[in-house]
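Q: build me a model:
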Amino acid sequence: MKCALVTGGSRGIGRAICLRLASDSEYHILINYQANQSAAEETLAEVQKLGRTGEILKFDVSDNDDTKSVLEKWQEANPDAVVEVIVNNAGITRDGLFMWMSHEDWSKVINTSLNGFYNVTNFFIQKMLRNKYGRIVNMVSVSGVKGTAGQTNYSAAKGALVGATKALAQEVAKRNITVNAVAPGFVRSDMTAELDEKELIKMIPANRFGEVEEVADLVGFLASKKAGYITGEIININGGIYS
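A: Alright, predicted model coming up:
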């Protein structure tokens, strides 16, 4: 059984990626979530409607022990399963000016995006190297590429993930494993629901927010066999706001 794992796959961009992989590939979809079980179940139901199989895995990507224990149990229960695609999508924001930022708001954001990438990818990387095939896609952000005021923690986490993407890509390329990052700008989702869309659109050359499906289309391509010669890339998808 060949599988694709999407962290933070229950809502928003994560859900759209699960559905894109379900409709465009033969993969069994592993939907990771941390808190919202009903949203994860809805995503699974939509995956199944597309004629694909899937399952839900509950763990906190920022917690190494929790991640390891859930993934080890899953691997023991599915000894023949091979994870070929990892989409490191789980991320949180705790916005605020740096001078007032609590240590907790700094650590939580870094731990989810950056340590989450390590905890999940490190678990599977040796197996991918043995199989001589893999697609790793890291969800970063325009904030990680250009830096955004009020998001020093998020910019730091995503900027570090940009560096990690480029370095790991060089380590594993000979084994037919690609590592790329996708950097969305303003995309209509739960994470941007509180933002003043009318005001922000003035800054975006394309004159609109992106849709989660547009991001998922790009991720689906990078996760496919067609993208075998693209690695170590950070692909912006932001309507021209930073290009």
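Q: low-scoring stretches of the protein, by residue?
A: Counting by pLDDT under 70, the ranges of the chain that qualify are 191-193, 195, 243.
Q: ranges for the strands of it?
A: With DSSP state E, the ranges of strands along the chain come out as 2-6, 28-33, 54-58, 82-88, 134-139, 177-184, 187-188, 210-211, 234-237.
Q: nearest to Trp74, of the ones you listed?
A: Of all those, strand 54-58 sits nearest to Trp74, with 6.2 Å by CB to CB. The way it works is simple: take the backbone N, C-alpha and C, and place the C-beta from them, glycine included.
Q: that closest one versus strand 2-6: what angle between them?
A: 40 degrees (axes from the mean of the first three to the mean of the last three CA atoms, to 10 degrees).
Q: and Val140, how many neighbours?
A: Neighbour count of Val140, defined by other CB atoms under 10 Å: 28.
Q: might one say that it is in contact with Gly185?
A: No - if you go by CB atoms under 8 Å, Val140 and Gly185 don't touch, sitting 11.2 Å apart.
Q: beta partners of Ala183?
A: When assigned by DSSP bridges, Ala183 has beta-bridge partners Asn236.
Q: looks like it contacts Val137 (just checking).
A: No - judged on CB under 8 Å, Ala183 makes no contact with Val137 at a distance of 11.4 Å.
Q: most centrally placed residue in this protein?
A: Centroid-nearest residue in the chain: Asn89, 1.8 Å away (criterion: CA atoms, centre = their mean).
Q: mind listing the helices for the chain?
A: All helices of the chain, identified by DSSP state H, fall at 12-24, 37-49, 64-77, 103-110, 116-131, 142-146, 152-172, 197-201, 212-222.
Q: turn those into CSV, columns for distance to Leu97.
A: As requested, the helices of the chain are exported to CSV (distance: least, CB to CB, whole Å):
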stretch, distance to Leu97
helix 12-24, 25
helix 37-49, 31
helix 64-77, 30
helix 103-110, 11
helix 116-131, 25
helix 142-146, 15
helix 152-172, 8
helix 197-201, 19
helix 212-222, 28
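Q: so of those helices, which one's packed in deepest?
A: Ranked by mean neighbour count, the helices of the chain are led by helix 12-24 with a mean of 25 (mean count of other CB atoms under 10 Å).
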